[in-house]
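**Q** quick one, fold the following:
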Amino acid sequence: VIGKHTLLTAAHVVYNKTNLQFKIFSNYNTESNVQITPTSYHIPAMYVSGPDSWKYDYAIVTVQENLRNYNNHNYINFDLGLMRNEVSFNRTVYVTGFGGNGQNITPELADVKSTGSGSFLSTPDTVKNYAFYFNTDMVPGDSGGPVYVQNTDGSKTVIGICAYEGGSFNQATRITNDILHF
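**A** Below you'll find the predicted structure:
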């Protein structure tokens with residue numbers, strides 16, 4: 001949740017999908033009873049028709065409900081920030097998602113929000129303007145979730161969107177000026 005009527009996710013989570021359901025969790029990791037009604041989806045044209053769609057794997061979902069003051073809760077938990085190229089590899093990176101939607105997950109773990117932590121990994125120059133690599137565990141179902149760092153004051157800043165899981169690394173779509181302006 002990045003605004004009172006706005007969600008940020010991966011384009012591949014919402015593009016050409018039907019009957020999407022959205023779940024909102026409180027700060028205390030408990031599912032809320034918030035009913036989310038999407039009114040529009042915004043996906044970059046380059047994701048749909050570009051040769052390198054992975055570079056544009058982000059989407060904005062506008063919802064009817066005001067998530068800032070819905071049922072006396074503020075569901076806006078993160079700030080958005082730009083990741084510097086000179087990131088420290090020993091800085092902790094966090095991922096929160098819903099791995100229960102992935103394959104081979106037992107029914108009792110389905111739709112459970114989880115958070116993991118790990119490290120940044122070296123990212124090839126051909127990728128790093130659009131994405132970055134990290135080693136925090138991630139499974140299908142985590143896509144579209146936030147990749148973030150914790151600041152010294154305890155606040156959290158999203159610097160990427162969970163995009164792809166790989167063998168020895170995972171990839172996040174990097175928050176860029178283009179995404180902030182999108």
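
**Q** mind listing the strands for this protein?
**A** 6-9, 38-42, 59-63, 79-80, 92-97, 114-121, 131-134, 146-150, 156-165, 170-174 (DSSP state E).

**Q** middle-most residue in this structure, spatially?
**A** residue 145 (2.6 Å; CA atoms, centre = their mean).

**Q** hmm, it is touching residue 114, no?
**A** No: applying CB atoms under 8 Å as the test, residue 145 and residue 114 come out as separate, 9.6 Å apart. Where C-beta positions appear, they are placed from N, C-alpha and C, glycine not excepted.

**Q** can you give me the separation between residue 69 and residue 173?
**A** 29 Å (CB to CB, to the nearest Å).

**Q** give me the more crowded residue out of these two.
**A** A count of neighbours by other CB atoms under 10 Å puts residue 173 above the other of residue 69 and residue 173, at 26 against 11.

**Q** my guess is the more buried one contacts residue 133. True?
**A** No: using CB under 8 Å, residue 173 is not in contact with residue 133; the gap is 11.8 Å.

**Q** ok, the residue nearest to the centre of the chain to residue 116 distance?
**A** Distance of residue 145 to residue 116, computed by CB to CB: 11 Å.

**Q** any residues in contact with both of those two?
**A** Common neighbours of residue 145 and residue 116, counting by CB atoms under 8 Å, 6 or more residues apart in numbering, are residue 95.

**Q** report how many residues lie close to residue 126.
**A** 8.

**Q** er, residue 21 I mean
**A** For residue 21, using other CB under 10 Å, the count is 7.

**Q** which ones are touching it?
**A** Residue 21 neighbours (CB under 8 Å, 6+ apart): residue 36.

**Q** just want the phi and psi numbers for it.
**A** When read as degrees, to the nearest 10, the backbone of residue 21 gives phi -120, psi 140.

**Q** low pLDDT regions in the protein?
**A** Residues of the chain meeting the criterion pLDDT under 70: 23-34, 70-77, 84-88, 98-113, 139-140.

**Q** try it again with 80
**A** 19-35, 67-79, 83-90, 96-117, 137-142, 165-167 (pLDDT under 80).

**Q** related to what we said a few turns ago, next one: the residue nearest to the centre of the chain from residue 163, what distance?
**A** 10 Å.

**Q** and for residue 46?
**A** Applying CB to CB to residue 46 and residue 163 gives a distance of 15 Å.

**Q** so between the two, which is more surrounded?
**A** Shown here are residue 46 and residue 163; by other CB under 10 Å, residue 163 has more neighbours (26 against 14).

**Q** so the more buried one is in contact with residue 130, correct?
**A** No: using CB under 8 Å, residue 163 makes no contact with residue 130, being 9.8 Å away.

**Q** now the common contact residues for the two.
**A** Here residue 163 and residue 130 have 54, 173 as joint contacts, going by CB under 8 Å, 6+ apart.
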